[in-house]
Every structure is written in C-alpha cells, then in structure tokens.
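Novice: Sequence plus predicted model, see below.
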Amino acid sequence: MTAAFPVLVAGVGAVEPELVLASLLPYLAIYQALYFATCKVRGLFVPPDLSYVAKGKVKKVAVIGAGSAGITAAKEAMEAGLEVVVFEQTSAIGGNWVFREEDAHSSVYRSTVINTTKQLMSYSDYPMPEETPAYPHHTDIVKYFNSYVDHFGVRGKIRFNTRVHDVSLIDGDRWQVVSSSTDSSDVGKPEKEHAQIREDGQSAVQCGGEQTTEEYDAVMVCNGHHHVPMWPDFPGQDSFKGHVIHSHSYKDPTTCDRGFDYRGKRVLVVGVGNSGVDVAVELSRVTEKLYLSTRSGTWVMPKYVNGVALDHAWTLKRGVNICLPDTFQKTMFFNWLFADAFEQKIHNVQGCMKAWGMRPKYRVNQAHATVNQDLLHRIGLGSIAMKGNVQEVTEDGVVFVDGSKAQLDAIVFSTGYLIRFPFLAKSLAPVNEENHVRLHHFMLNPRHPPTLVHVGLIQPIGAIMPISELQSRWAIQIFKGDRGVPKPKDMERLITERLDALWRVFVRRARHTTESQYFPIVEALAEEIGCVPRVWNPNNWKVLKE
C-alpha cells in the first residue's frame, strides 16, 4: 500500500525576515479571518460543487507513456484493482531520462545529472537506494525506475515499441485508443508534424505497423512535455551556414553530433535555462570560444548552500511558511519579502548576478530556477562569455543587441519546448498554439469527462516524480467513484484563479503556464486525497534529522 506522502514541515534555521513574519502571526490570523468573512459577504469565496462524479465504475485504464509519470500511474491503478495497459513507444522504461545515441524522443544528454536530490525525487513508498549519489546521474535514475516497475509488477503491463496515434471519446464516456507497433528508428521522427495541434476530424500522424483499436474506461496521459523543440525566429536565421541544433538533440561535446565535432570550435548557446547552462558549461571545456546568450538574464542558484542541498534547505524553510495564512502567502507583499531575502542569500553565496553578466530582469521567484554549480566558475575563467539577446543571425555568426558581433561555427538553441499531444484532437488537447495550458490541478480538462487525465504535465520548482504519484492517486479516486470533481464551470473558475495567482508572481511567458511552486500543489493534492502527514509525527522529525 502507498504510504502517507512524506511532506517535511519543520522550521529550523530561520532567517531574519521569517522571524519578522513569526512575530506577525497573531495579526495574520486576524487577517485570514477577515479575508474569508469579506469574501463570503461579497460572494467571492465560492467552494466548488463536487457533485460531478465520473459515471459508473472504471475497470480498464490506458496509460500513455512509461516514463516517471506513467510508471507510478500504472502502479497506483494496479493497486486499486484496475486492469491496466501501458503504451510505451520505445523499447525502454524511463522516458526523458533514457539516453540514446540517435536523435529520438528522449532529450537527455550523456552527462545529465538531475538538479533535485534523491530524497525529494523518490516515490513515497520506494526510496532510492542509500548508495545512490545525492544528485543522481541519469543512469542511476533509469536504474531506479526499472527497479520500481519490477518491485510493483508493472513491467508485465507495458506494451513496448507501441505508439498511440489517436485517443477519441465514444459513447459519451468511453475512450477509443488507436495504436500500432513501431521500432527505434521511428521514435522521435514526426517532430515537425507534432508541432501543430491537430484539428478535429484531421487524421493523426501515421507510422509503424498494423493498427490496433481498443476501448477503455479511462486514459491517463503521461507522455511528458519535453519532446517537441521550440525554435526561435531571429532575422537571418536560415542564412547561417554553420551547424545548428536544438539542445533536445545534443549528446556530448567530444563525439560527432550529426556529423559535427565541437572541439576547437566557436559556439553560441542561446538560452539560460537548466539545459542551456549545462550544455554551455560542458562545451566550454573543449571549444575555442563559448558564448552564452540571454534575453532577460537569470538567477543562478548553487546545488548546495552552507553545505546543505538547495532543495533540502527549501524544504526546511517551509516549516516557517506553513504557519502563515495561505492567502497572505499569495500577496505581493509576501512575495516581495521572500524575494528580497532569497536574493540576498544568493548574493552572499554567489555574488552579484549583474557582475557575472546575468542581469536578471525579474525577481528571483518570478521564473523557473536555474541551478548550476559550475557556470560562474567557467565565466570567471573566461571559458564562457555572457552576451545579451541575439539581434540578427548572419552567414558566419551573429550580431547581439549591443551591436557586438561573434563569428561562429555552431549555434545550440536551448529555447524550450512546445507542449503537444499528437494523439489528441484540438477539442481534447488542453493546450493552444501559444503553449498555454488550462487544466484543473494540472490534470483535468473541463471540456471533457474526468476519465481522461494528464499526469506529470507540470513544471514544479522541485522534483516531478512525487507530484506525479499524488496526481495518480487523486485520479484513481475519481475513477473508482470515491470522490467527485468540480463541475465544468467551477473548474474553469478554479483554473482562472490559479492562473491569475500565477501571473501575479511569475513572468507572463508560455514556459510558465505549467509552472508551480512545489509545496502548494503537493499539499493541495495530499489534502484532497487524505494523506497529509501530521506535523508533529516523530517519524517526520527522524527523517529531517537524518
């Protein structure tokens, strides 16, 4: 059985701003009471009607994808006594974490190491082995996933080398799934076709062998959102005669990548997200010159702060925040106070971001975190030259917005991904052409029955695996008829409220439509499932001490 979810909530090592907040607790309690009273009088606080329940009892479930989300979705469905079939288009478990020499659906590169610790990326009832490094290599993660599916008997439910082409609603409450066998040479090839959202009535992209059509009571979509590269469109981009790739296709610096060898070359990496920074740091060790371009800068966070892993320190400070009213934590004042304290901490540990050439145009809590232990060191050595945004691409290089020029042999675009579902028509897909996603709990689309759910379609400030587990458990309760979901109109309202709160903090960009702070979504799901741990449970303190 799945254990109560291990949310660690102990406040230790409080910094001055948190002490200030602690002294305000009595006043904040009054604020909370007045807030709800005012909302009730004005009709602003409307609890959702949970009478909208999935019709009948779900017995047969299709899970699309055997990555980190798919394997826990399948495991939870199996433990609930449901018949499960997992469709995996490749020959391996692990999805995005499986390294392949060829350009494929997976986007991991040879040296990829996760930027969250093993303790906070583990599933609740199957921790990573003691001997696993604090920040595991992708091979350690894939090994863990394989051990997980074998331990819980999921492997026998997976149809490897099987691609789903179409999922459609039939009879009002059942789902038709069309699939076919494929092979490794097919995987990842229909990239351009998948960049477009399929119109209703338009045929799905076809490839592979003979098609199979089956019916299911529910579908759990776990295909990930890092497989369709998003390309920029700079003036003159098509005229460049050098080597151009997206970081999705990057493998390593010393072997030929699509016939290109980076050693001794002049290379530009565009984008300072986690992948872009990782690629830049790695290439800077072998290139003649490495330029790193950013349009709006970034805050670079180390993996360790005062000897403590970054996400562990974040977890410990949650103990202070959890004492504060949730509505207060959503205010601009609280976010300003938090940002000010955290930026000062980064400044003390990393130095001034402007001095390193980052020049972030936003506060530290307004964008997804960039975590890297080596970037600033490589900049300090002169191995990486920070540059602003690209103004124009020429035949042999680029012109930056400050007027400076760089001659180049190669450009690596690390500019994010389009969120696409090639097997879903437009009426079922939860995303539009601008990459904006509208889902309740990042799972349910108000436009169709709640028996089609998305698992893992979220970009948390933290690990995605535990969230996928909680989402799966929440979905299974719906499938079993143990809980209702908001009616479509209430769901739309809740989604709008979530997005409004998101844009009050985060920079309004397409990459942030699936963004979430880790603890709010974890705690919301755990509360609804009924697995919130007791704050003063001695076992929680034992985990913290260890």
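Specialist: Ah, there it is. Numbering: from 1, shown residues only.

Novice: can we go C-alpha only for contacts and neighbour counts from here?
Specialist: Fine.

Novice: show me where the stretch 351-500 of the chain has strands.
Specialist: Assigned by DSSP state E, counting those that start in this stretch, the strands in the stretch 351-500 of the chain fall at 370-371, 384-387, 390-393, 397-400, 405-407, 410-413, 417-418, 452-454, 459-461.

Novice: Point out the most buried one among these.
Specialist: Per-stretch averages of neighbours, counted by mean count of other CA atoms under 10 Å, single out strand 452-454 among those, with a mean of 26.

Novice: That strand - contacts with which helices or strands?
Specialist: Strand 452-454 sits against strand 218-221, with contacts defined as 3 or more CA pairs under 8 Å, 6 or more residues apart in numbering; DSSP states H and E.

Novice: ok, then the element right after the strand it packs on?
Specialist: From strand 218-221 onward toward the C-terminus, using DSSP states H and E, the following helix or strand is strand 228-229.

Novice: helices and strands around that following strand, which ones?
Specialist: For strand 228-229, the packing partners by 3+ CA pairs under 8 Å, 6+ apart come out as strand 417-418.

Novice: and the residue positioned nearest the centre of the chain, what does it touch?
Specialist: The geometric centre of the chain, computed from its C-alpha atoms, lies nearest to Q459 (CA atoms, centre = their mean), at 2.8 Å. Residues counted as contacts of Q459 (CA atoms under 8 Å, 6 or more residues apart in numbering) are H512, T514, E515, S516.

Novice: And for D409?
Specialist: G242, H243, K265, R266, V267, D396, G397.

Novice: Same list (the strands of the stretch 351-500 of the chain) but as CSV, adding distance to V522 and mean pLDDT.
Specialist: Putting the strands of the stretch 351-500 of the chain into CSV (distance: least, CA to CA, whole Å; pLDDT from 0 to 100) gives the following:
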stretch, distance to V522, mean pLDDT
strand 370-371, 21, 90
strand 384-387, 36, 97
strand 390-393, 38, 97
strand 397-400, 42, 98
strand 405-407, 45, 97
strand 410-413, 32, 97
strand 417-418, 24, 90
strand 452-454, 16, 97
strand 459-461, 10, 87
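
Novice: So which of those is nearest V485?
Specialist: Among the strands of the stretch 351-500 of the chain, the nearest to V485 by CA to CA is strand 452-454 (12.0 Å).

Novice: Pass me the low-pLDDT residue ranges in the chain, would you?
Specialist: Residues of the chain that meet the criterion pLDDT under 70 lie in 1-56, 183-208, 256-258, 314-335, 534-546.

Novice: who's in contact with the closest residue to G456 other than its chain neighbours?
Specialist: In space, and not counting its chain neighbours, G456 is closest to S468: 5.0 Å by CA to CA, 6 or more residues apart in numbering. Shown in contact with S468 (CA under 8 Å, 6+ apart): S68, A69, T72, A73, V455, G456.

Novice: how about the fifth one, phi and psi?
Specialist: Recorded main-chain torsions at V455 are phi -120, psi 130, according to degrees, to the nearest 10.

Novice: now do the third one
Specialist: When read as degrees, to the nearest 10, the backbone of T72 gives phi -80, psi -30.

Novice: That one against Q471, yeah?
Specialist: No: T72 lies out of contact with Q471 (CA atoms under 8 Å); the separation is 9.5 Å.

Novice: picking up where we left off before, for the contacts of Q459, which one is nearest P235?
Specialist: H512 (25.4 Å).

Novice: Next, work out how far apart that closest one and E215 are.
Specialist: H512 sits 34 Å away from E215, taking CA to CA, to the nearest Å as the criterion.

Novice: could you pull out the strands for the stretch 51-200 of the chain?
Specialist: 60-64, 83-87, 158-159, 162-170, 174-181.

Novice: so what secondary structure elements neighbour the fourth one?
Specialist: The helices and strands touching strand 162-170, judged by 3+ CA pairs under 8 Å, 6+ apart, are strand 83-87, strand 174-181.

Novice: Which one of those strands lies nearest to L375?
Specialist: strand 83-87 (38.7 Å).

Novice: Now for the nearest residue to N365 once chain neighbours are set aside, how many residues are close by?
Specialist: Nearest residue to N365, sequence neighbours excluded (CA to CA, 6+ apart): A339, at 6.0 Å. Neighbourhood size, A339 [other CA atoms under 10 Å]: 16.

Novice: Surely A339 is within a helix?
Specialist: Yes: using DSSP: H, G, I helix; E, B strand; the rest coil, the assignment for A339 is a helix.

Novice: about what we covered before: please tabulate the helices and strands packed on strand 162-170 in JSON lines, including the columns distance to L424 and mean neighbour count.
Specialist: Below are the helices and strands packed on strand 162-170 laid out as JSON lines (distance: least, CA to CA, whole Å; neighbours: other CA atoms under 10 Å):
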{"stretch": "strand 83-87", "distance to L424": "15", "mean neighbour count": "22"}
{"stretch": "strand 174-181", "distance to L424": "10", "mean neighbour count": "20"}
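
Novice: want to throw these into a markdown table with distance to R100?
Specialist: Listed next are the helices and strands packed on strand 162-170 as a markdown table, based on distance: least, CA to CA, whole Å:
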| stretch | distance to R100 |
| --- | --- |
| strand 83-87 | 19 |
| strand 174-181 | 20 |
